[in-house]
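Engineer: got a structure for you, letters missing:
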Ligand code: AMP
């Protein structure tokens, strides 16, 4: 099993690198943002609640988010060799809950890959993504809130995972394939696992 958290600010490339990780290591991808956007698109009760927070750039409350993640974990089919968590945890209580959710299922968190990207670049990438995809929370006012939330509530997780020895620092600036190569090299050092193919 290889269970990884992909950590970083909004727009740091978590979605892009997740796609490469799941392909190269045969993993499931759980993006809590995507799970919520899917509920919003289907107009479910959960989607309506999530929209209130997402539109303001705020986090969905921990209890709700943890129970959503538990259900997603329980709905994963058999077959892959682990999970990439993208966008979860975003708070210390969520990190503690993730350890519990995993250990209850006989799983363990192996590593946290931190994509480090300066704020100006995050801002520019989100503005670009908003124009290209129409993603509603990629607008200037919401982006500002999301960056504030990241610095206040999420970035303390960096120290949390540094202290427990799971944090792998990755420079998230530059070419997508070069960043992935850096991730793969570090994952091999850290966990002994190799990607399926090497470029
Ligand atoms: P993302 O696609 O990961 O950028 O998430 C988009 C939005 O969904 C965030 O700005 C939050 O409002 C919400 N969200 C996603 N994941 C979480 C989480 N782990 N905890 C709380 N809110 C979340």
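Structural biologist: That came through, no problem. This one's a predicted model, so the numbers in the text were calculated from it and none came from an experiment. Numbering: from 1, shown residues only.
Engineer: nearest spatial neighbour of residue 108, skipping sequence neighbours?
Structural biologist: Excluding its sequence neighbours, the residue lying closest to residue 108 (Cβ to Cβ, 6 or more residues apart in numbering) is residue 102, at 6.0 Å. Where you see a C-beta, it was placed from the backbone N, CA and C, and this is true even at glycine.
Engineer: what helix or strand does the one you found sit in?
Structural biologist: Element membership of residue 102 [criterion: DSSP states H and E] is helix 92-104.
Engineer: now do the residue of the chain found nearest the ligand against residue 108, distance only.
Structural biologist: Closest residue of the chain to the ligand, Cβ to the nearest ligand atom: residue 33 (1.9 Å). Separation of residue 33 from residue 108 (Cβ to Cβ, to the nearest Å): 24 Å.
Engineer: ok, residue 100 next?
Structural biologist: 12 Å.
Engineer: residue 59 too?
Structural biologist: As judged by Cβ to Cβ, residue 59 and residue 108 stand 25 Å apart.
Engineer: what do you get for residue 178?
Structural biologist: From residue 178 to residue 108 the distance is 29 Å (Cβ to Cβ).
Engineer: likewise for residue 13?
Structural biologist: To residue 108, residue 13 is 25 Å away according to Cβ to Cβ.
Engineer: compare neighbour counts for those two and give me the winner.
Structural biologist: Legend: neighbour count by other Cβ atoms under 10 Å for residue 13 and residue 108, higher for residue 13 (21 against 12).
Engineer: for that one, report the pLDDT, please.
Structural biologist: You'll see residue 13 listed with a pLDDT of 97.
Engineer: wait, what's in contact with it?
Structural biologist: 115, 117, 125, 172, 176, 179 (Cβ atoms under 8 Å, 6 or more residues apart in numbering).
Engineer: part of a helix, is residue 78?
Structural biologist: No: looking at residue 78 with DSSP: H, G, I helix; E, B strand; the rest coil, it is coil, so not inside a helix.
Engineer: from here on, count from 22
Structural biologist: Yep, numbering from 22; the last one is residue 99 now.
Engineer: now it: phi and psi?
Structural biologist: With angles defined as degrees, to the nearest 10, residue 99 sits at phi -70, psi 160.
Engineer: residues near it, how many?
Structural biologist: The burial count for residue 99: 4, using other Cβ under 10 Å.
Engineer: can you pull the pLDDT of it?
Structural biologist: Residue 99 carries a pLDDT value of 87.
Engineer: what lies in contact with stretch 73-92?
Structural biologist: When contacts are defined by Cβ under 8 Å, 6+ apart, stretch 73-92 is touched by residues 51, 53, 56-58, 61, 67, 70-71, 109, 111-112, 114-115, 118-119, 122, 157-158, 162-167, 169-170, 174.
Engineer: my bad, should have said stretch 144-152
Structural biologist: Stretch 144-152 has contacts (Cβ under 8 Å, 6+ apart) with 31-32, 34, 138, 156, 159-161, 164, 167-168.
Engineer: filter those by proximity to the ligand?
Structural biologist: Near the ligand, judged by Cβ under 6 Å from any ligand atom, the entries from the contacts of stretch 144-152 are 31, 167.
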